[in-house]
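> Give me coordinates for this.
(one chain, ligands or ions: 1)
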Amino acid sequence: MGFGCWRFICTFLTGILFFHSFCYSEKAPNYSFLLKATSAPANAHYDYIIIGGGTASCALAATLSQGANVLVLERGGSPYDNPKVTDVGSYITTLTDTSLSSPFQHFVSQDGVINARPRILGGGSALNAGFYTRASASYIKEAGWNETLVNESYQWAEKLVAFKPPMLQWQSAVRDGLLEAGVLPDNGFTYDHLYGTKAGGIIFDKDGHRHCAADLLEYADPTKIKVYLHATVHNILFKSNNGSPKPQAYGVIFTDALGTKHTAYLNNNLMNEIILSAGAIGSPQLLMLSGIGPVEELQAQGIKVVLDQPMVGQDMADNPMNFVFVPSPNPVEVSLIQVVGITKSDSYIEAASGLSIGSSWAQKISGSILKFLLKTGLASEVLLEMVLAAGNVNKTIRGGVIVQKTNGPISKGNLKLLSTNPNLNPSVTFNYYKEPEDLKKCVDGMKTIMSVISSEAFSKFRYGQIPVQALMELMLYLPVNMRKKHLSASFSLEQFCIDTVTTIWHYHGGCQVGKVVDTNYRVLGVDALRVIDGSTFNSSPGTNPQATVMMLGRYMGQKILQERLSNNGKPQLLFFTSHSHIQSNKESYMLGKRYFKIWSWKTDQPFTVPPEAMAEAAETINAIANGTIKGGLILEKVIGPLSTGHLELQNTNPNDNPSVTFNYFKEPKDLKRCVKGLSTVIDVINSYAFSKFRYSNMTVQALTKLMLSFPVNMRPRHANATISLKQFCIDTVVIIWHYHGGCQVGKVVDRDYKVVGVVALRVIDGSMFLRSPGTNPQATVMMLGRYMGEKILHERYSHERK
Ligand SMILES: Cc1cc2nc3c(=O)[nH]c(=O)nc-3n(C[C@H](O)[C@H](O)[C@H](O)COP(=O)(O)OP(=O)(O)OC[C@H]3O[C@@H](n4cnc5c(N)ncnc54)[C@H](O)[C@@H]3O)c2cc1C
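Reported below is the predicted structural model:
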């Protein structure tokens with residue numbers, strides 16, 4: 001490898017490592033920026049005010065804080081103060097806590113389905129069943145998201161919050177049961193959304209300890225972010241915008257735990273914004289409370305109309321969930337969702353086991369089972385054991401539930417204000433199973449569940465004497481919702497679905513893209529306001545949505561910062577504080593400097609780097625300059641170039657190089673191949689398999705831009721090389737040292753490599769190749785030496801024999 005190339009690699013890696021070094025952060029739960037709202041000033045100014053500190057919000061806030069001042073207002077407390085929140089086994093106990101201090105705010109939809117809204121930093125991710133799985137490729141395409149940035153954003157979250165599930169006996173039995181039931185193929189462990197059966201990610205670590213979106217605040221710049229807890233937002237303030245017909249958001253009113261009112265304002269800069277991230281119930285509710293919504297509804301509550309927006313609160317959807325409770329004769333592990341069956345009929349099958357329930361729920365469930373036994377006359381020893389399995393004794397369920405989620409419900413509802421108090425729930429209607437197509441999906445899902453329960457693989461975990469039908473009937477006795485139960489539900493799966501419907505808490509809509517926000521999540525008809533959370537979804541992504549909600553927070557954070565940086569302020573170097581360590585190695589310092597010129601961002605304030613990060617960066621650079629590299633290159637070779645050149649003598653001294661021209665990429669076909677090859681390189685860098693070996697906070701586009709500043713060749717760089725892969729190929733072309741030609745077969749030598757027109761002279765080396773053989777040529781060059789040696793000897797012997 002030549003010196004130039006080595007230098008180039010050094011430079012390249014210096015850039016990557018240097019970039020990584022400047023970031024610094026605080027570790028959860030010891031965030032210095034997490035404060036009680038009672039300590040907030042009466043008035044303060046920020047670049048971004050994010051309403052809600054939930055799943056999307058934490059990812060968004062952490063990202064935005066890397067380039068601007070951010071305020072997060074969360075009405076709930078901290079997940080790190082409550083061991084019940086972080087422990088996998090306490091899921092149900094937390095979910096059923098209806099006290100005023102509960103991290104859940106319960107509500108019953110107009111459909112008679114009991115539901116819950118998170119009220120805690122980290123939002124749903126701090127309380128949910130923890131399954132982590134990405135959206136399908138088609139969902140991402142339909143959303144119009146940039147695939148590369150989507151992948152990077154998922155990986156960014158996964159580094160801190162996603163884990164491989166332990167897959168113990170009960171979950172494995174469900175998986176094998178699904179396969180027996182024909183939910184194929186077996187996709188093993190994957191985050192991807194694929195038809196068949198898979199184990200997905202979970203946000204619980206090996207000790208059953210939850211990691212939620214609040215952990216993503218580890219990525220935040222602690223000097224640029226404030227998160228106020230127990231800060232309830234009442235409304236967004238709007239003013240008329242000079243020169244624009246649209247009202248402009250400029251502040252937010254919130255109260256702390258003592259009821260004291262505070263106002264947060266946006267700093268005076270057109271790029272600053274308020275971002276609603278209060279979830280699928282909170283965001284449409286707050287838009288209406290702020291005067292944006294259907295005019296009649298606002299007027300009915302006496303709210304001053306800022307904008308008549310009839311679509312706010314419309315198209316609310318909740319994926320219906322129906323489940324079967326399966327008591328087990330054998331002990332089961334404590335598990336939330338780990339396995340999922342993704343069926344072609346659009347019903348997703350998931351399962352959980354061994355959870356502890358509070359004593360009041362243990363009593364409720366056992367009471368319902370007893371009622372069922374008495375009514376059906378099925379009472380027997382085994383059935384009484386079922387009661388015990390239901391948690392009567394130790395409040396931990398010996399058994400589990402297998403659920404079906406109806407994907408993409410067509411049945412939609414709406415949200416309406418009941419009062420102007422943001423602490424009170426609005427009225428919500430989801431119209432579960434109103435559309436026959438949704439009901440059909442449920443019926444198919446229930447059939448799959450019945451097959452799983454009856455499967456050989458699952459037999460260890462059910463009482464063989466109890467028919468599946470009896471387990472289904474039992475569901476009609478459990479207090480799963482507040483709906484009427486019909487007699488026919490015991491023999492009609494349609495009626496069963498309708499009567500036992502519950503929520504899987506994946507409700508979404510109310511501020512949908514194309515109806516309330518545009519594709520950049522800006523609220524239509526007003527300025528400086530976006531909504532970024534689950535309320536913008538037209539359908540729930542993946543089997544379960546939280547991965548995509550976090551991804552969206554990160555994704556939009558990146559996009560908003562990019563917009564900000566390309567529209568705002570003066571360009572400044574990211575890195576320009578004390579460089580005393582770095583001056584010890586002048587060359588590497590210069591390399592670092594060049595790198596940071598490329599990475600310069602336009603920010604309002606100078607970026608400062610703490611001394612520890614500086615020291616680390618200097619060490620990294622010096623290590624590279626000393627020849628140790630942590631990283632690598634991925635390169636592409638254009639095979640069989642059609643573009644060819646020539647060689648000319650400069651003088652008669654054989655020690656001097658001749659003049660050589662190769663005409664790289666003169667032929668458009670070669671250029672096309674280079675572009676294709678680079679696209680593959682980009683896919684590899686973005687791949688999940690490769691994620692361990694790259695910095696997720698550096699986009700591939702940024703890496704390619706970086707290449708343009710390196711001294712890889714002596715060609716001019718064109719401005720469009722940052723956006724055109726063709727120009728990039730032309731500007732950054734280097735050699736792979738597989739040059740050939742000059743004495744080609746058929747032109748200079750014959751097929752026996754004899755020089756045409758003279759006697760007793762052959763050429764045997766790479767110069768006779770018409771194109772470079774193999775991916776790399778040396779094997780064939782060696783082979784050719786041996787091959788021709790043999791041939792020449794053979795000729796010689798046969799001549800001598802003659
Ligand atoms: C019980 C349960 C189980 C689930 N299981 C899974 C699962 O296993 N896997 C999965 O992928 N998904 C699961 N989900 C769904 C997933 O958690 C949600 O879809 C996701 O968290 C929604 O994120 P969001 O950012 O839209 O809203 P949220 O995370 O709900 O965030 C909204 C935040 O805004 C705050 N807020 C609301 N109003 C105000 C106000 N006026 N002032 C200040 N703050 C306010 C709320 O307190 C909340 O913290 C589950 C959800 C629940 C509730």
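> In the chain, where is pLDDT below threshold?
Flagging of the chain using pLDDT under 70 yields the residue ranges 1-24, 242, 378-384, 386-394, 567-630, 695-698.
> Going by neighbour count, list what's buried in the longest helix seen in it.
The helix that spans the most residues within the chain, counting by DSSP state H, is helix 778-801. For helix 778-801, a neighbour-count test (16 or more other C-beta atoms under 10 Å) marks 781, 784 as buried. Yep, even glycine has a C-beta here, placed from its N, CA and C like the rest.
> Over to stretch 668-675?
By neighbour count with 16+ other C-beta under 10 Å, stretch 668-675 contains the buried residues 670, 671, 673, 674, 675.
> in the stretch 701-802 of the chain, which spans are helices?
Ranges of helices in the stretch 701-802 of the chain, per DSSP state H, counting those that start in this stretch, are 725-732, 778-801.
> For those, could you give me TSV that also reports distance to residue 337?
Below are the helices of the stretch 701-802 of the chain laid out as TSV (distance: least, C-beta to C-beta, whole Å):
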stretch	distance to residue 337
helix 725-732	41
helix 778-801	51
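> Just give the nearest non-adjacent residue to residue 267, would you?
Residue nearest to residue 267 in three dimensions, not counting chain neighbours: residue 45, with 4.8 Å by C-beta to C-beta, 6 or more residues apart in numbering.
> so what's that neighbour bridging to?
residue 265 (DSSP bridges).
> I'd say residue 312 and residue 291 touch.
No - distance between residue 312 and residue 291: 10.4 Å, which falls outside the contact criterion (C-beta atoms under 8 Å).
> quick one: which of those two has more around it?
Set side by side, residue 312 and residue 291 show more neighbours around residue 312, with 29 against 21, by other C-beta atoms under 10 Å.
> And that one, its phi and psi?
The phi and psi values for residue 312, taken as degrees, to the nearest 10, are phi -70, psi 130.
> For whichever residue of the stretch 301-450 of the chain sits closest to the ligand, give me its contacts.
Nearest to the ligand, among the residues of the stretch 301-450 of the chain, is residue 422, at 4.3 Å (C-beta to the nearest ligand atom). By C-beta atoms under 8 Å, 6 or more residues apart in numbering, the contact list for residue 422 reads 75, 232, 233, 234, 235, 285, 286, 289.
> from those, which are also near the ligand?
On the criterion C-beta under 6 Å from any ligand atom, 75, 232, 233, 286 are the entries of the contacts of residue 422 that sit beside the ligand.
> quick one, what contacts the residue nearest to residue 267?
So residue 45 contacts 264, 265, 266, 267 (C-beta under 8 Å, 6+ apart).
> Distance-wise, check it relative to residue 244.
21 Å (C-beta to C-beta, to the nearest Å).
> go on, residue 335?
From residue 335 across to residue 244, the span is 54 Å (C-beta to C-beta).
> Quick check: the residue nearest to residue 267 vs the ligand, distance?
As judged by C-beta to the nearest ligand atom, to the nearest Å, residue 45 and the ligand stand 19 Å apart.
> again with residue 108
For residue 108, the distance to the ligand equals 15 Å [C-beta to the nearest ligand atom].
> okay, which residue is most central for this structure?
By C-alpha atoms, centre = their mean, the chain has its centre lying nearest to residue 154, at 2.3 Å.
> Just give the closest residue to it, not the sequence neighbours.
Sequence neighbours aside, residue 551 is the residue nearest to residue 154 in space, at 4.9 Å (criterion: C-beta to C-beta, 6+ apart).
> Reformat the buried residues of stretch 668-675 as CSV; add secondary structure.
What follows is these, written out as CSV (DSSP: H, G, I helix; E, B strand; the rest coil):
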residue, secondary structure
670, helix
671, helix
673, helix
674, helix
675, helix
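> what's the burial count for residue 363?
Residue 363, neighbours per other C-beta under 10 Å, totals 15.
> list the buried ones in the helix or strand where it lies?
Using DSSP states H and E, residue 363 sits within helix 359-376. For helix 359-376, a neighbour-count test (16+ other C-beta under 10 Å) marks 361, 362, 364, 365, 366, 367, 368, 369, 370, 372, 373 as buried.
> now stretch 138-147
By neighbour count on 16+ other C-beta under 10 Å, the buried set for stretch 138-147 is 139, 140, 143, 145.
> how close does the residue of the stretch 651-800 of the chain found nearest the ligand sit to residue 52?
Here the stretch 651-800 of the chain gets closest to the ligand at one residue, residue 688, 18.1 Å apart by C-beta to the nearest ligand atom. As for residue 688, its distance to residue 52 is 30 Å (criterion: C-beta to C-beta).
> More neighbours: those two, which one.
More crowded of residue 688 and residue 52, by other C-beta under 10 Å: residue 52, with 29 against 14.
> so that one touches residue 281, yeah?
No - using C-beta under 8 Å, residue 52 is not in contact with residue 281; the gap is 10.6 Å.
> Tell me where the stretch 251-400 of the chain has strands.
If DSSP state E, counting those that start in this stretch is used as the criterion, the strands of the stretch 251-400 of the chain fall at 261-266, 273-276, 292-293, 307-308, 314-316, 320-327, 339-342, 347-353, 399-406.
> List of residues touching stretch 32-39?
Contacts to stretch 32-39, defined as C-beta under 8 Å, 6+ apart, come from residues 26, 73, 78, 121, 217, 220, 222, 225-231, 254-258, 260, 262.
> what sits against residue 41?
Applying C-beta under 8 Å, 6+ apart to residue 41 gives the contacts residue 262.
> do residue 638 as well
Counting by C-beta under 8 Å, 6+ apart, residue 638 has contacts 670, 673, 674, 677.
> Please name the spatially closest residue to it (chain neighbours excluded).
In space, residue 638 is closest to residue 673, 4.7 Å off (C-beta to C-beta, 6+ apart).
> same question, residue 151
Nearest non-adjacent residue to residue 151, counting by C-beta to C-beta, 6+ apart: residue 686, 4.9 Å away.
> Please list all residues in contact with that neighbour.
148, 151, 152, 700.
> and these, which are buried?
By 16+ other C-beta under 10 Å, the contacts of residue 686 give 151, 152, 700 as buried.
> any idea which element the first one lies in?
When you say that, I think you mean residue 151. Here residue 151 is covered by helix 147-161, with elements defined by DSSP H and E.
> follow-up on the earlier one: okay, the residue nearest to residue 154 and the ligand: tell me how far apart.
11 Å.
> doesn't that residue fall inside a helix?
Yes - residue state for residue 551 (three-state DSSP) corresponds to a helix.
> Apart from its neighbours in sequence, what residue is nearest residue 765?
According to C-beta to C-beta, 6+ apart, the nearest residue to residue 765 is residue 781 (6.8 Å).
> from memory that neighbour sits against residue 766, does it?
Yes - under the criterion of C-beta under 8 Å, residue 781 makes contact with residue 766 at 5.7 Å.
> Residue 716: how many residues sit nearby?
Residue 716: 8 neighbours (other C-beta under 10 Å).
> meant to ask about residue 519
11.
> Report the contact partners of residue 93.
By C-beta under 8 Å, 6+ apart, the neighbours of residue 93 are 84, 356, 357, 358.
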